[in-house]
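Enquirer: fold the following and give me the result.
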Amino acid sequence: MKLLMIDDDTGLCELLSEYLTAQGFEIQSVHDGEQGLKLAQANDYALILLDVMLPTLDGFEVLKQLRQTKLTPVIMLTAKGEDFDRIFGLELGADDYIPKPFNHRELLARVKAITRRIEHINSLNVATTSKLLVNGITVNLAAREASIDGSTLTLTGTEYEILTLLCKNAGEVVSKEQISEEVLGRRLASFDRSIDMHVSNIRKKIAEHIPGERIKTMRGTGYVFIQGE
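Expert: As a prediction, this is how the structure comes out:
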């Protein structure tokens, strides 16, 4: 699988390229936001590692413009302790984030969680027509799309996975721990708001097409997808 790394730290790019290449990935590195955006728009990468602080265009602007045309999975590389960076990146459609400095093995685990999902998608039988219809929302499991009255919801891969998990368990509480482990491929860390932000994005996208609450927050527990009448 081919990954794109957009980071102006050339030393870090060299180290990670060597490490991830040894793990079977093909890595292309670029060191400014404008060039990174052009490559991301012109090519189909399995995943993009995107730093926040970049010359020419910062990581937020790169992600914002990329999401206008592509849903390529993105892991944001943020400064340690910068909650705003993490929250804003998730609001713009990042799939996950990891604060610098990070352990290479932790980054690899995040990368593999997303690429495993891609491999699973590619292994699915395209003839499969299984669908979920819950409270006005249709989830096409074969096409990996969700729609309302024929209008497709523009969901990132992570948002789609969370919505699908909630719909499969409609009427039941799905804990944040379960979502984190099944969708992000990692245990939920203390004070980790990534699940909250992904669910918030899903709610906003649903609200653009249909009124009424679909996903209810169960304080201190998780979420319930409301089945409807």
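Enquirer: quick one: buried residues of the least confident helix or strand in the chain by mean pLDDT?
Expert: Evaluated with mean pLDDT, DSSP states H and E, the helix-and-strand set of the chain has its lowest mean pLDDT in helix 104-123, which scores a mean of 82. Across helix 104-123, burial judged by 16 or more other Cβ atoms under 10 Å covers 107, 110-115, 117. Glycine gets a C-beta too; all of them are placed from N, C-alpha and C.
Enquirer: out of those, which is nearest to Val134?
Expert: Nearest to Val134 among those is Arg117, at 21.5 Å by Cβ to Cβ.
Enquirer: residues touching the closest one, list them.
Expert: The contact partners of Arg117, by Cβ atoms under 8 Å, 6 or more residues apart in numbering, come to 157, 161.
Enquirer: thinking again about what came up before, and of the buried residues of helix 104-123, the nearest to Pro211?
Expert: Sorting these by how near they are to Pro211, with Cβ to Cβ, puts Arg117 at the top with 31.2 Å.
Enquirer: mind checking which helix or strand Thr138 is in?
Expert: Assigning secondary structure by DSSP states H and E places Thr138 in strand 137-140.
Enquirer: and the contacts of that strand?
Expert: Surrounding strand 137-140, the residues in contact under the criterion Cβ under 8 Å, 6+ apart are 131-133, 145-148, 153, 163-164, 167, 206, 210, 214.
Enquirer: what about the residues you listed, which are in strands?
Expert: Using DSSP state E, the members of those that fall in strands are 131-133, 145-148.
Enquirer: residues contacting the residue positioned nearest the centre of the chain?
Expert: In the chain, the residue lying closest to the centroid (Cα atoms, centre = their mean) is Asp95, at 2.0 Å. For Asp95, the set of contacting residues under the criterion of Cβ under 8 Å, 6+ apart consists of 73-75, 114, 156-158.
Enquirer: cool, thanks, signing off.
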